[in-house]
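In: okay, sequence plus prediction incoming.
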Amino acid sequence: MTRKLSDWNIFVKKIYAEGKAKNSNYKFKQALEDASKRKSEMKQSSSTPFVKSKTAKRSRKTKSRSASLAGGRKSRKHRKQ
């Protein structure tokens, strides 16, 4: 299963395609820089703003909690000695 590209990634790919059509030596790094300068164009074209999902926060919380329940870094060092 693949992730859906973000609006930013779609915008950068569009800038890259435009630049590559004009110049065959155009690099993706340059497309990133150009897209950064033209990001106001992206905001006008995107219809939905980016919103962080609650599940992402929940999963991070769970990971850190499970790490602390496992004993954390200090306990692992102590076990090795």
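Out: Good, I have the coordinates.
In: so what touches the helix or strand hosting Asn9?
Out: Element membership of Asn9, judged by DSSP states H and E, is helix 7-22. Residues from elsewhere that reach helix 7-22 (C-beta atoms under 8 Å, 6 or more residues apart in numbering): 5, 26, 28, 30-32, 34-35, 38-39, 41-42, 45-46, 50. For glycine as for every other residue, the C-beta is placed from the backbone atoms N, C-alpha and C.
In: mean confidence for it?
Out: Computed over helix 7-22, the mean pLDDT rounds to 95.
In: list the buried residues in it.
Out: 11-12, 14-16, 19 (16 or more other C-beta atoms under 10 Å).
In: rewinding a little: now the buried members of the contacts of helix 7-22.
Out: Neighbour-count burial (16+ other C-beta under 10 Å) applied to the contacts of helix 7-22 gives 26, 31, 34-35, 42.
In: just put those in CSV and tack on pLDDT and secondary structure.
Out: As requested, the buried ones among the contacts of helix 7-22 are arranged in CSV below (pLDDT from 0 to 100; DSSP: H, G, I helix; E, B strand; the rest coil):
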residue, pLDDT, secondary structure
Tyr26, 96, coil
Ala31, 96, helix
Asp34, 95, helix
Ala35, 94, helix
Met42, 79, helix
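In: same list (these) but as a markdown table, adding distance to Met1.
Out: Shown next, in a markdown table, are the buried ones among the contacts of helix 7-22 (distance: C-beta to C-beta, whole Å):
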| residue | distance to Met1 |
| --- | --- |
| Tyr26 | 31 |
| Ala31 | 27 |
| Asp34 | 31 |
| Ala35 | 27 |
| Met42 | 26 |
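In: for Leu5, what are phi and psi?
Out: Dihedral pair for Leu5: phi -70, psi 140, per degrees, to the nearest 10.
In: and the gap between the residue nearest to it when sequence neighbours are not counted and Tyr26?
Out: Leaving out its chain neighbours, the residue that sits closest to Leu5 by C-beta to C-beta, 6 or more residues apart in numbering is Lys13, at 7.6 Å. Going from Lys13 to Tyr26 by C-beta to C-beta, to the nearest Å gives 13 Å.
In: before we move on, what about Lys14?
Out: Counting by C-beta to C-beta - Lys14 and Tyr26 are separated by 13 Å.
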